[in-house]
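In: Turn this into a model:
(chains A and B)
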Amino acid sequence: MSELTIKNTGQMISTETIDGDIATLNLGPTHPATHGIFQNILKVDGERILSAEPTIGYIHRAFEKLAERRPYNQITPITDRLNYCSSPINNIGWHLTVEKLAGIEVPKRVDYMRVIVMELARIADHLVCNSVIGVDTGALTGFTYMFQEREKIYELYEEICGARLTTNLGRIGGFERDFSPTFHTKLNKFLAEFPDNFEEFDRLLTRNRIFMDRVIGAGPITAERALEYSFSGPNLRAAGVDYDVRVMNPYCSYQDFDFDIPVGKDGDTYDRFVVRQEEIRQSLRIIRQALDKMPAGDFHANVPEFYLPPKEEVYRSMESLIYHFKIVMGETAIPAGEVYYSVEGGNGELGYYLVSDGGRTPYRLHFRRPCFIYYQAYPEMIIDSVLSDAILTMSSMNVIAGELDA
Amino acid sequence: MDNQQLLAHIAALTGSEPNAVEDTYGMLNVHLETSSLLRVVEGLKTKHQFIYLTDICASHYPDRVGAEFEVIYHLHNLVANQRVRLKVALPEAQLSLPTLTGLYAGANWMERETFDFYGVIFEGHPDLRRILNMDDMDYHPLRKQYALEDETRTDKNDTFFGR
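Out: Predicted coordinates:
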């Protein structure tokens, strides 16, 4: 019997063994089942996990340090690479933070446009997570169906901003261009076709006996522990706490829309799956309402100090040239102050703590990344379960390497 | 509970009038002494329902002599939906303060991250190691004395725009 010595994780080791042989298993850093670069050093007794020690930071890119040297509008592409499954939410969250610091009021239309984009991003994010749970249980079919739908959402991003994955979408003050007629056509087509395809996917898994037997009870966490660990987003709601930033601290006029916050009970893989499924339906509801009630108006705020003028104007008028130069060179004046602003990202409360000293770049920018905060509960959630449940727990927590490591 | 009431509660916990300001955006900023941090956070959590630790991070102000570092805590009262920002200023010579891991399990990695990037020591932390950077790194990279780019480079001289 090998001796069990694991630094600093003493409380997680269960003493009982099945046949007395304890093996060390390196799960990752590169492993097909981890969907990203994470390492977990597991001590296993047969199939049963005795302790886990996660190591993270494999794709750390020093975003907080980079942000201290970049003008505000150049930080948007950095935020793309946090949770890259729902980049538009990160982009818009950052714009909202700067707008709050600079005191910019955006037209109502911008709010509604942002809501549509953010809810599309939430659908894409949840689709990836849920279809991958299916893959990890051995059901590849749903994944192939839902990735086709995700592709359509990426086509919609493409119509808005020209990019697909790392979108750099929108500008401080609004959008770079209005939604095009093609976008509306494609969005209406998506809204007409997606629900049927999605319900087909739902029928494949949600009440499927094999799937249910596989995921119910895998990786549970109680509401108390989830709050202790500062969980947020679908993972916290699956444990039964109805905390949603969209409702608690509405931004972008979320108070105008009628939608429900689904909550789970046991906080296990099945609850996380079902909560995400229901959130996709609610997101569709919000998009429909936003489309119906879309106010008239401009697609950006009238803030020449922050919002790039149209290119023709730059060639024609002196003021536009000056503003263009100031924005591109990052010479726009911004008030000193500090602000914490958060949005409901795909994985939970995505916060930006921004300190400005009035200079061209942030003095300090800290990203509150929901993944980073809840992934630390992972060892606790998988101790005493079997290895295959640990894989499921990880995919159902939706740990995204980019957001984890910043 | 508005910010005035909250401030009164914090004053009762510290036993003195804390130095607090409301920032321009409505969040209460309370500056605390290292010695009273644990007492205040525990009181806020157990008596005033600040059950949710939103975030821990630090910031470096090399010009503030004797208080070069600042550790910032964001707490959230999920029942009354109120947030508060607690700040502890620390001198570079004595960069240590008590850990919050006893109160919030989630403080573990947040404190490790703060240690990793700023070198702040959290007394009593169960596992204070680097988290995102490699273990044999011998400095704390978010401190302001470390430039993003190698300052000895001569091929990227951009005096006018401060790069």
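
In: how close does the residue minimising distance to the centre of chain A sit to B:T99?
Out: Nearest to the geometric centre of chain A sits A:G346, at 3.1 Å (Cα atoms, centre = their mean). To B:T99, A:G346 is 30 Å away according to Cβ to Cβ, to the nearest Å. C-beta coordinates here come from the backbone N, C-alpha and C atoms, glycine included.

In: try A:K311
Out: In terms of Cβ to Cβ, A:K311 sits 54 Å off from B:T99.

In: Please enumerate residues in contact with the helix or strand of chain B with the lowest mean pLDDT?
Out: Within chain B, no helix or strand scores below strand B:19-22, which has a mean of 75 by mean pLDDT, DSSP states H and E. Strand B:19-22 is contacted by residues B:N3, B:L7, B:I10, B:L28, B:N29, B:V30, B:H31 when judged by Cβ atoms under 8 Å, 6 or more residues apart in numbering or on different chains.

In: Stretch A:145-159 too?
Out: A:88, A:117, A:120-121, A:123-124, A:127-128, A:130-131, A:163-165, A:167, A:169, A:179-180, A:182-183, A:186-187, A:190, A:194, A:197-198, A:200-201, A:204.

In: If you go by neighbour count, which of those are buried?
Out: A:88, A:117, A:120-121, A:123-124, A:127-128, A:130-131, A:163, A:167, A:169, A:179, A:183, A:186-187, A:190, A:194, A:198, A:201, A:204 (16 or more other Cβ atoms under 10 Å in any protein chain shown).

In: need the helices for chain B, in chain order.
Out: Taking DSSP state H, the helices of chain B run over residues B:3-14, B:34-48, B:107-118.

In: State the mean pLDDT of the longest one.
Out: When pLDDT is averaged over helix B:34-48, the result is 92.

In: Next, the angle from that helix to helix B:107-118.
Out: 150 degrees (axes from the mean of the first three to the mean of the last three Cα atoms, to 10 degrees).

In: Ok, the first one next?
Out: Helix B:3-14 runs at 90 degrees relative to helix B:107-118, counting by the same axes, to 10 degrees.

In: How about helix B:3-14 and chain A, touching?
Out: No: Helix B:3-14 lies out of reach of chain A by Cβ under 8 Å from any Cβ of the partner chain, never closer than 14.7 Å.

In: What residues does the closest residue to chain B within the stretch 101-250 of chain A make contact with?
Out: Ranking the residues of the stretch 101-250 of chain A by distance to chain B (Cβ to the nearest Cβ) places A:S230 first, at 3.6 Å. Applying Cβ under 8 Å, 6+ apart to A:S230 gives the contacts A:I373, A:Y374, B:Y52, B:L53, B:T54, B:Y104, B:G106.

In: Adding pLDDT, distance to A:Y112 and neighbour count, write those residues out as TSV.
Out: Shown next, in TSV, are these (pLDDT from 0 to 100; distance: Cβ to Cβ, whole Å; neighbours: other Cβ atoms under 10 Å in any protein chain shown):
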residue	pLDDT	distance to A:Y112	neighbour count
A:I373	94	30	28
A:Y374	92	31	27
B:Y52	94	30	24
B:L53	94	33	24
B:T54	94	28	23
B:Y104	94	37	24
B:G106	93	34	26
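
In: want to try CSV for those residues, with distance to B:G43 as columns?
Out: What follows is the contacts of A:S230, written out as CSV (distance: Cβ to Cβ, whole Å):
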residue, distance to B:G43
A:I373, 23
A:Y374, 26
B:Y52, 15
B:L53, 14
B:T54, 18
B:Y104, 14
B:G106, 19
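
In: Tell me the one among those nearest to A:V386.
Out: A:Y374 (21.6 Å; Cβ to Cβ).

In: who's in contact with the helix or strand hosting the closest one?
Out: Using DSSP states H and E, A:Y374 sits within helix A:370-374. Helix A:370-374 has contacts (Cβ under 8 Å, 6+ apart) with A:56, A:83, A:226, A:229-233, A:235, A:345, A:347-350, A:397-400, A:403-406, B:106, B:109-110, B:113.

In: and those residues, which of them are in helices?
Out: Per DSSP H, those map to helices at A:A226, A:N235, A:M397, A:E403, A:L404, A:D405, B:W109, B:M110, B:E113.

In: Among the helices of chain B, show me which one is buried the most.
Out: Among these, ranked by average contacts under mean count of other Cβ atoms under 10 Å in any protein chain shown, first place goes to helix B:107-118 (a mean of 24).

In: what's that one in contact with?
Out: A:64, A:372-373, A:375-376, B:53, B:55-58, B:60, B:69, B:71, B:95, B:99-101, B:120-122, B:125-133, B:140-143.

In: which regions of chain B sit below the pLDDT cut-off?
Out: B:150-154, B:156-163 (pLDDT under 70).

In: The chain: strands as residue ranges?
Out: Unless you meant another one, I'm taking chain A. A:23-27, A:39-45, A:48-55, A:337-344, A:349-356, A:364-368 (DSSP state E).

In: um, chain B though
Out: B:19-22, B:28-32, B:52-60, B:69-77, B:82-90, B:96-98, B:121-123.

In: Partner strands of the first one, with direction?
Out: Strands that pair with strand B:19-22, judged by DSSP bridges, come out as strand B:28-32 (antiparallel).

In: could I get the strand it pairs with in PDB with only the CA atoms?
Out: Taking C-alpha atoms only, strand B:28-32 is exported to PDB below (Å, rounded to 0.1, in the frame of the first residue of the first chain):
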ATOM      1  CA  LEU B  28     -20.200  52.400   0.700                       C
ATOM      2  CA  ASN B  29     -16.400  52.200   1.000                       C
ATOM      3  CA  VAL B  30     -15.200  51.500   4.500                       C
ATOM      4  CA  HIS B  31     -11.600  51.800   5.400                       C
ATOM      5  CA  LEU B  32     -10.700  49.400   8.200                       C
END
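
In: wait, what's in contact with residue 100?
Out: The chain I'm using is chain A. So A:K100 contacts A:V339, A:Y341, B:Y25 (Cβ under 8 Å, 6+ apart).

In: Switch to chain B, please.
Out: B:L100 touches B:L38, B:V41, B:L53, B:I56, B:Y73, B:A107, B:E111, B:F122, counting by Cβ under 8 Å, 6+ apart.

In: Return the distance of the first one relative to B:T46.
Out: What that stands for is B:L38. B:L38 is 12 Å from B:T46, by Cβ to Cβ.

In: same check, this time on the fifth one
Out: As defined by Cβ to Cβ, B:Y73 lies at a distance of 16 Å from B:T46.

In: residues in contact with residue 89?
Out: This is for chain A. Neighbours of A:I89 in contact, by Cβ under 8 Å, 6+ apart: A:N83, A:M118, A:A121, A:R122, A:D125, A:V343, A:E344, A:G345, A:G346, A:L350.

In: ah, I was thinking of chain B
Out: B:H31, B:R64, B:A67, B:F69, B:E70.
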